[in-house]
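1. need a structure here:
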Amino acid sequence: MMQFHEKEVDRILRACEYYKSAIGNQDPSVAEEYDKVIHKLHSYEQEMDCPDCWDPTSTCTIHA
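-> You can find the predicted model right below:
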């Protein structure tokens, strides 16, 4: 299974949101596809949530 760090998911999410806003008016079908990807990324963030990790600067592999 491929696994991303929290910061990487955030960067990918921001890039998708930016591209969706830039291209969405020109091609609504592409915007819909980006909505699906953005939803998947938010779901991935929730799956990777680390409720026991109180110190993001620690050795936690999710928040590294």
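2. Just the pLDDT at residue 7, thanks.
-> We have a pLDDT of 84 for residue 7.
3. Sticking with it, tell me its helix or strand.
-> Element membership of residue 7, judged by DSSP states H and E, is helix 6-23.
4. avg pLDDT for the helix or strand following that helix?
-> Scanning forward in sequence from helix 6-23 by DSSP H and E, the next helix or strand is helix 28-47. Mean per-residue pLDDT for helix 28-47: 90.
5. Specify the angle between helix 28-47 and helix 6-23 in degrees.
-> 160 degrees (axes from the mean of the first three to the mean of the last three Cα atoms, to 10 degrees).
6. Buried residues in helix 28-47, which are they?
-> Buried residues in helix 28-47, counted by 16 or more other Cβ atoms under 10 Å: 31, 34, 41. Any C-beta I mention is one placed from the backbone N, CA and C, and that applies to glycine too.
7. Can you give me the distance of the residue of the chain positioned farthest from its centre to residue 46?
-> Residue distances from the centre of the chain (Cα atoms, centre = their mean) peak at residue 26, which lies 23.5 Å from the mean C-alpha position. In this structure, residue 26 and residue 46 are 31 Å apart, going by Cβ to Cβ, to the nearest Å.
8. sorry, back to before: what about the residue farthest from the centre of the chain? Give its phi and psi, please.
-> Per-residue torsions, residue 26: phi -80, psi -40 (degrees, to the nearest 10).
9. I'd like to know how far it sits from residue 19.
-> Taken as Cβ to Cβ, the span from residue 26 to residue 19 is 11 Å.
10. same thing with residue 11?
-> Counting by Cβ to Cβ, the gap from residue 11 to residue 19 is 13 Å.
11. again, but for residue 33
-> With Cβ to Cβ as the criterion, residue 33 and residue 19 are 10 Å apart.
12. host element of residue 4?
-> Counting by DSSP H and E, there is no helix or strand that carries residue 4.
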